[in-house]
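K.L.:
Structure for the following, please:
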Amino acid sequence: MTNVFGKAACSTGGFPTIRRGSLSNYVLIAQDDLNTLGYGTGGLDGIFGAATQNAVTSYQKSRGLAADGIVGCNTWRSLQENVVGTGPTSTTIN
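P.N.:
You can find the predicted model right below:
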């Protein structure tokens with residue numbers, strides 16, 4: 001597992017790039033966003049495993065993004081833009 005708290009995914013700042021094997025609060029944020037948008041990650045545990053990677057890939061395909069299973073600049077931006085205003089769901093972290 002890789003702890004990811006380093007360089008921002010976007011040149012303008014923001015969350016770091018996360019991928020399979022990442023373990024961090026940023027993974028938890030991505031999982032929360034994905035679950036809120038209907039892409040099940042198998043739970044909210046902060047571990048970027050197979051279920052989270054599959055959810056990311058499905059989300060990326062649905063949004064016309066490069067479906068590489070990695071949450072980089074474009075995927076973070078898309079997730080954040082799409083989750084705003086969705087309201088709380090059964091998986092939303094308060």
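K.L.:
Which pLDDT does the model give Met1?
P.N.:
Met1 carries a pLDDT value of 46.
K.L.:
ok, now Ser11?
P.N.:
pLDDT at Ser11 comes out at 87.
K.L.:
Ok, Thr91 next?
P.N.:
pLDDT for Thr91: 62.
K.L.:
just checking, Thr75 touches Ser58?
P.N.:
No - contact criterion Cβ atoms under 8 Å: Thr75 and Ser58 do not qualify, at 11.8 Å. The way it works is simple: take the backbone N, C-alpha and C, and place the C-beta from them, glycine included.
K.L.:
Pick out whichever of those two has more residues nearby.
P.N.:
Thr75 (26 against 16; other Cβ atoms under 10 Å).
K.L.:
Contact partners for that one?
P.N.:
Taking Cβ atoms under 8 Å, 6 or more residues apart in numbering, we find Thr75 in contact with Val56, Tyr59, Gln60, Leu65.
K.L.:
and the second one, what helix or strand is that in?
P.N.:
Right, Tyr59. helix 50-62 (DSSP states H and E).
K.L.:
ok, and what's touching that helix?
P.N.:
In contact with helix 50-62 (Cβ under 8 Å, 6+ apart) are residues 19-20, 27, 30-31, 34-35, 37, 39-43, 65-71, 75, 78-79.
K.L.:
Now the buried members of the residues you listed.
P.N.:
19, 27, 30-31, 34-35, 37, 39, 41, 65, 69-71, 75, 78-79 (16 or more other Cβ atoms under 10 Å).
K.L.:
And the residue nearest the centre of this structure?
P.N.:
Ala30 (2.7 Å; Cα atoms, centre = their mean).
K.L.:
Now the very next helix or strand once past the helix holding Tyr59: buried residues?
P.N.:
Following helix 50-62 in sequence order, the next helix or strand is helix 73-83 (DSSP H and E). Neighbour-count burial for helix 73-83 flags Thr75, Trp76, Arg77, Ser78, Leu79, Val83 (criterion: 16+ other Cβ under 10 Å).
K.L.:
try stretch 41-54
P.N.:
Neighbour counts over stretch 41-54 (16+ other Cβ under 10 Å) mark Thr41, Leu44, Gly46, Ile47, Phe48, Gly49, Ala51, Thr52, Gln53 as buried.
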